[in-house]
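K.L.:
sequence? don't have it. structure:
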């Protein structure tokens, strides 16, 4: 069972429900990132309280540590991390390229060394699917070859076409009878015709959903929106679209406006660890002296557990004193803010007011 | 209102209820340590869920950062850290001696430099009381001069007698009409007659409760129990006794057996941060390879949120992966274990079975 039902549209924006084996997910949705099977500093109960319905884990990290066999023996990712919501895994291609300096690409797959202990590994598109399926993800990704900003047209074409061949090989290793589903990843770098070719090829291969990869890798924002605009127009209406690794609050609004249903990003937890809060009034750097005596909550328009309990002055004190509770509180609030933003967008789409609302948000919000 | 009611005894052990302005505290009680107005890595809600009814804050740390004025303006310690249970503050003498290398004692008070920024400060017994009262503690401590293990008899006598004069001066600065109460601290080092003199002098001065300081500072455990035995026998039955900074699970049981009502210790949170759990079967070092595939909870006899959700294998993975959730989970479980231990002791005293139970626990438990 894997079915997206669209309940309302606003231009290309869609408000829907994604029925999957882990339950129903309201879309558009934001997935907090739990790279190593933990959304940093939050308990699963707290992740649920932020409003999140589905999280992201990283197959590359978990394959290396603690390993597939251990997680499988412990009952799979859901039981392992005590999370009964949805779980999407990234296949790990991106992480191998960014974390393993000595990786080597061939048609067969990717040779790389562990960033943890230097051990040698070889990952193929078939094995990447098998790993993710064994981990117990509800949704998992084809193995792709990322393309850096600045790659030549030839490099982009070669990697994109290999990604297509790998997508086919991955699909052949997928066992759909488990109810776990495989997404294809659209690549194509920043060449319009390659993006188009990639979207069309993957749609022809027919996946339950489509990821849009290779964006937000250093390119100017406007280039990203052009590519996304082009790709989402080519994807089938009835399948979910997932924009990988994006982004800031305005990025999410712009993504939804272009028809994206799913997002993930480390920003809310990473910025939280750095002492920055996202609020409805923009970013807030809690280290600023102006908050020293501030008795108000991080965000007066937020009803999360942190904003109900703690003042900016207290959180600033915790941050300066090096207390873990500061990191936890900011991470929690930021994830809750992202979830509230998604909820707000869903409401606006249903109410028929999304287009104007999004216009204003993108214009005014400073992130 | 500050009243200890004893409901049951077992030898010198007492099970009671301490009625105070922040509510009723079941005694004997364990106070988790929130040095800088945060029990490390736990939210106030989680602290409450462990079973804790009263926590400890440190006046020295909070006086230096964020400062008394800020906390007072933010509504006092309870509102500042969003904790509606009891709060006891330590006066800071011990921290000045251990953290400020250039401190200088005179009859007037203690000159010291901040361990944070090197700024110069002067603390008197009157000011220590005023600081703690302004912070908003429910129970606070006299300013005392700690005595290290290995001090001469003359040094011990001089510091002990100064502590008595400081206790009197502190009492004169206390404003009991606020409902906040001041405890005197029994010192006397490891000299029987000085411990006796200290207890008798402070009892004659008449405080709402008595702290027993200067133990667990490097002396052999048996010396500590001799001193504690001597002191608690001299303290009035109707007043609470607080053994400062102690200890391991068996220390708590031995302390209760000698008539102690209140404890605090950093051990459960500090050991948690190091990867060690306290369980009913003893200490457990989660880094040990034997737990790698262990699907069981930290402690099969514990019903805390961590033991209900996570396996040892998962927590060990988090610990090895450097995830904050490992530190949080172990700290939470350890505090919950300490609170369960106190609860167990209260039940045993009420049931009339404490003496045998404690005998066995002290003999068998390995901490």
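P.N.:
Structure received. Predicted, not measured: the structure shown is a model, and the values here were computed from it. Numbers count the residues shown, from 1 in each chain, chains lettered A, B, ... in the order given.

K.L.:
which element is the closest residue to residue A:63 other than its chain neighbours on?
P.N.:
Using CB to CB, 6 or more residues apart in numbering or on different chains and skipping residues adjacent in sequence, the residue nearest residue A:63 is residue A:131, 5.4 Å away. Where C-beta positions appear, they are placed from N, C-alpha and C, glycine not excepted. Secondary-structure element containing residue A:131, defined by DSSP states H and E: helix A:125-135.

K.L.:
which residues touch the following helix or strand past that helix?
P.N.:
Counting by DSSP H and E, the next helix or strand C-terminal to helix A:125-135 is strand A:139-141. Here strand A:139-141 makes contact (CB atoms under 8 Å, 6 or more residues apart in numbering or on different chains) with A:20, A:54, A:59, A:86-91, A:128-129, A:132-133, A:180-183, A:185, A:209, A:211.

K.L.:
can you tell me which of those residues are in strands?
P.N.:
A:20, A:54, A:86-90, A:181-183, A:185, A:209, A:211 (DSSP state E).

K.L.:
show me the helices in the stretch 51-200 of chain A, by range?
P.N.:
Shown for the stretch 51-200 of chain A, the helices assigned by DSSP state H, counting those that start in this stretch span residues A:59-64, A:68-73, A:76-81, A:93-99, A:125-135, A:153-173, A:192-205.

K.L.:
who wins for proximity to residue B:74 among those helices?
P.N.:
Judged by CB to CB, the one of the helices of the stretch 51-200 of chain A that comes nearest to residue B:74 is helix A:76-81, at 36.2 Å.

K.L.:
on that earlier part again, in JSON lines: the ones in strands among the contacts of strand A:139-141, plus pLDDT.
P.N.:
Output for these, formatted as JSON lines (pLDDT from 0 to 100):
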{"residue": "A:20", "pLDDT": "97"}
{"residue": "A:54", "pLDDT": "98"}
{"residue": "A:86", "pLDDT": "98"}
{"residue": "A:87", "pLDDT": "98"}
{"residue": "A:88", "pLDDT": "98"}
{"residue": "A:89", "pLDDT": "98"}
{"residue": "A:90", "pLDDT": "97"}
{"residue": "A:181", "pLDDT": "98"}
{"residue": "A:182", "pLDDT": "98"}
{"residue": "A:183", "pLDDT": "98"}
{"residue": "A:185", "pLDDT": "98"}
{"residue": "A:209", "pLDDT": "98"}
{"residue": "A:211", "pLDDT": "98"}
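
K.L.:
closest to chain B out of the residues you listed?
P.N.:
Nearest to chain B, judged by CB to the nearest CB, of these is residue A:87 at 14.3 Å.

K.L.:
count of residues packed around the closest one?
P.N.:
Neighbour count for residue A:87, taken as other CB atoms under 10 Å in any protein chain shown: 27.

K.L.:
repeat for residue A:305
P.N.:
Neighbourhood size, residue A:305 [other CB under 10 Å]: 18.

K.L.:
so it versus residue A:340, what's the distance?
P.N.:
13 Å (CB to CB, to the nearest Å).

K.L.:
next one: residue A:183
P.N.:
26 Å.

K.L.:
up against chain B, what does chain A have?
P.N.:
For chain A, the contact set with chain B under CB under 8 Å from any CB of the partner chain comprises A:36-38, A:40-45, A:61, A:65-66, A:70, A:73-75, A:80-82, A:292-293, A:295, A:305, A:309-311, A:313-314, A:317-318, A:320-321, A:323-325, A:327-329.

K.L.:
just the buried ones among those residues, please.
P.N.:
A:36-38, A:40-44, A:61, A:66, A:70, A:74, A:80-82, A:305, A:309-311, A:313-314, A:317-318, A:320-321, A:323-325, A:327-329 (16 or more other CB atoms under 10 Å in any protein chain shown).

K.L.:
in chain A, which residue is closest to the centre?
P.N.:
residue A:264 (1.9 Å; CA atoms, centre = their mean).

K.L.:
which SS class is that residue?
P.N.:
Judged by DSSP: H, G, I helix; E, B strand; the rest coil, the three-state class of residue A:264 is strand.

K.L.:
what sits against it?
P.N.:
By CB under 8 Å, 6+ apart, residue A:264 lies in contact with A:30, A:31, A:32, A:33, A:56, A:88, A:242, A:244, A:245.

K.L.:
among those residues, which are located in strands?
P.N.:
In this view, those that belong to strands under DSSP E are A:30, A:31, A:32, A:56, A:88, A:242.

K.L.:
buried among these? Need that as a selection in ChimeraX.
P.N.:
With 16+ other CB under 10 Å as the criterion, this ChimeraX line picks the buried residues out of those:
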select /A:30,31,32,56,88,242
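
K.L.:
and the two most separated of the ones in strands among the contacts of residue A:264?
P.N.:
Longest span within those, CB to CB: A:32 and A:242, 14.3 Å.

K.L.:
could you pull out the helices for the stretch 201-350 of chain A?
P.N.:
Using DSSP H, counting those that start in this stretch, helices in the stretch 201-350 of chain A cover A:221-234, A:249-257, A:267-273, A:305-309, A:312-320, A:324-351.

K.L.:
what angle do the last one and helix B:324-351 make?
P.N.:
Translated: helix A:324-351. Counting by axes from the mean of the first three to the mean of the last three CA atoms, to 10 degrees, helix A:324-351 lies at 110 degrees to helix B:324-351.

K.L.:
need the pLDDT of the residue of the stretch 101-250 of chain A found nearest chain B.
P.N.:
Distances between the stretch 101-250 of chain A and chain B by CB to the nearest CB are smallest at residue A:116, namely 9.1 Å. As predicted, residue A:116 sits at a pLDDT of 94.

K.L.:
any idea how many residues pack against it?
P.N.:
Around residue A:116 there are 12 other residues, counting by other CB under 10 Å.

K.L.:
and it, what does it touch?
P.N.:
Residue A:116 sits in contact with A:64, A:65, where contact means CB under 8 Å, 6+ apart.

K.L.:
one more pass at 10 Å, please.
P.N.:
A:61, A:64, A:65, A:99, B:320, B:321 (CB atoms under 10 Å, 6 or more residues apart in numbering or on different chains).

K.L.:
name the nearest of those residues relative to residue B:279.
P.N.:
Closest approach between the contacts of residue A:116 and residue B:279, by CB to CB: residue B:320, at 19.7 Å.

K.L.:
ok, that closest one touching residue A:70?
P.N.:
No - contact criterion CB atoms under 10 Å: residue B:320 and residue A:70 do not qualify, at 11.4 Å.

K.L.:
quickly list what's touching both of those two.
P.N.:
residue B:292.

K.L.:
distance between the ends of stretch A:144-153?
P.N.:
End-to-end distance for stretch A:144-153: 17 Å, by CA to CA, to the nearest Å.

K.L.:
how about that stretch: buried residues?
P.N.:
By neighbour count with 16+ other CB under 10 Å, stretch A:144-153 contains the buried residues A:144, A:145, A:146, A:147, A:151.

K.L.:
tell me the mean pLDDT over it?
P.N.:
In the prediction, stretch A:144-153 has an average pLDDT of 95.

K.L.:
tell me which residue of chain A is furthest from the middle?
P.N.:
Distance from the centre of chain A peaks at residue A:293, with 36.1 Å (CA atoms, centre = their mean).

K.L.:
quick one: distance of stretch A:222-231 to the chain centre.
P.N.:
Chain-centre distance of stretch A:222-231: 18 Å, with CA atoms, centre = their mean, to the nearest Å.

K.L.:
so what's the closest residue to residue A:226 other than its chain neighbours up against?
P.N.:
Leaving aside its sequence neighbours, residue A:226 sits nearest to residue A:192 (CB to CB, 6+ apart; 7.8 Å). Residue A:192 makes contacts with A:226, A:227, A:230, A:231, as judged by CB under 10 Å, 6+ apart.

K.L.:
from the contacts of residue A:264, pick the one nearest residue A:204.
P.N.:
Distances from residue A:204 to the contacts of residue A:264, taken by CB to CB, are shortest for residue A:242, at 18.8 Å.

K.L.:
for that closest one, give me the pLDDT.
P.N.:
98.
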